[in-house]
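*Asks:* turn this into a structure:
(one chain, ligands or ions: 2)
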Amino acid sequence: MRKLEPGRLVLASHNQGKVREIRDLLGPYGIEPVSAAELDLPEPEETGTTFVDNADLKARQAADLSGLPALADDSGLCVEALGNRPGIFSARWALVDPSVDPGAGPGEVQGGRDFGLAMRRVQEELEALGPEASRAAHFVCALAVVWPDGRSEWFEGRVDGTLVWPPRGDKGFGYDPMFQPAGYDLTFGEMDPDEKHRISHRADAFRKLVAALL
Ligand SMILES: O=P(O)(O)OP(=O)(O)OP(=O)(O)OC[C@H]1O[C@@H](n2cnc3c(O)ncnc32)[C@H](O)[C@@H]1O
Ligand SMILES: [Mg+2]
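*Replies:* Ligands and ions are numbered 1, 2, ... in the order given. I've put the predicted structure just below:
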């Protein structure tokens, strides 16, 4: 299997929270990827039906346009009582329709998406199922590496936990403030990045990527 080389990797993500975490996770291996935003690459439409499909599609577009190996992450929150939704639609649940919703509070809007709103949507759907509804949830992360010749490798990770509300902490991004990983009292929003990187879905997927490609 081919190995990743330092300095020759495009990170095909437009999510600053993810980009920060992936830089942290690759840092110890001497790999400093250039991001899709730095290369002005467009954000592709995520038309896949699985996390792996979408990660592959994002990495493939970046590899085609840049001529460099590309890494993409497709991830999301799966709520078991909601049939694993929002799942691959996790980012889309945070889209604000300004004619319906007046917008987010300070600090909640990330790249035109409102995760205060997305977390309320999750809470409301669960509450509609009644007080006995399980709050069990997991995050999934699929990583795809696509080489300029079109070959690809995929790695998946997962972390299990429980949803809490009101959301707590502002250290992470996305749904972190409402996700408490199993065995911990803190939400991902309250954890220091180093601690999240020990147990997260992204860290789990990266361990597999590192074993194969680094
Ligand atoms: O596609 P890219 O450009 O990488 O950025 P994105 O934000 O659209 O990313 P996804 O399509 O993979 O959507 C995943 C969403 O799931 C959420 N998510 C993924 N990983 C998360 C994490 O570690 N903590 C909290 N929320 C997370 C977050 O809200 C993301 O926007
Ligand atoms: Mg996306």
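*Asks:* what residues does the chain put near ligand 1?
*Replies:* 13-15, 18, 43, 46, 58, 73-77, 90-91, 115, 139, 172-176, 188, 200, 202 (CB under 6 Å from any ligand atom). All C-beta atoms are positioned from the backbone trio N, CA, C, and that covers glycine.
*Asks:* so among those, which ones count as buried?
*Replies:* 13-15, 18, 46, 58, 73-77, 90-91, 115, 139, 172-176, 188, 200, 202 (16 or more other CB atoms under 10 Å).
*Asks:* among these, which are in strands?
*Replies:* Among these, the ones falling in strands (DSSP state E) are D73, D74, S75, G76, L77, F139.
*Asks:* shouldn't the third one be in contact with A144?
*Replies:* No - with contact defined as CB atoms under 8 Å, S75 does not count as touching A144 (11.6 Å).
*Asks:* identify the residues contacting L126.
*Replies:* Shown in contact with L126 (CB atoms under 8 Å, 6 or more residues apart in numbering): V79, A81, L82, A133, R135, L163.
*Asks:* tabulate these (TSV), appending neighbour count.
*Replies:* What follows is the contacts of L126, written out as TSV (neighbours: other CB atoms under 10 Å):
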residue	neighbour count
V79	21
A81	17
L82	18
A133	15
R135	17
L163	22
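*Asks:* JSON lines for these, including distance to F155, secondary structure and pLDDT?
*Replies:* Formatted as JSON lines, those follow (distance: CB to CB, whole Å; DSSP: H, G, I helix; E, B strand; the rest coil; pLDDT from 0 to 100):
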{"residue": "V79", "distance to F155": "23", "secondary structure": "strand", "pLDDT": "98"}
{"residue": "A81", "distance to F155": "28", "secondary structure": "helix", "pLDDT": "98"}
{"residue": "L82", "distance to F155": "26", "secondary structure": "helix", "pLDDT": "98"}
{"residue": "A133", "distance to F155": "32", "secondary structure": "coil", "pLDDT": "97"}
{"residue": "R135", "distance to F155": "28", "secondary structure": "coil", "pLDDT": "98"}
{"residue": "L163", "distance to F155": "26", "secondary structure": "strand", "pLDDT": "98"}
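*Asks:* this protein: strands as residue ranges?
*Replies:* Counting by DSSP E, the strands of the chain are 10-11, 34-35, 70-79, 85-86, 109-110, 113-114, 136-146, 152-163, 179-181.
*Asks:* what pairs with the second one, parallel or antiparallel?
*Replies:* With DSSP bridges as the criterion, the sheet partners recorded for strand 34-35 are strand 10-11 (parallel).
*Asks:* repeat for the third one
*Replies:* Within its sheet, strand 70-79 is paired with strand 10-11 (parallel), strand 85-86 (antiparallel), strand 136-146 (antiparallel), according to DSSP bridges.
*Asks:* avg pLDDT for the longest one?
*Replies:* Regarding strand 136-146, the rounded mean pLDDT is 98.
*Asks:* now do the first one
*Replies:* Predicted confidence along strand 10-11 averages 96 (mean pLDDT).
*Asks:* now stretch 60-73
*Replies:* Stretch 60-73 shows a mean pLDDT of 96.
*Asks:* perfect, that will be all.
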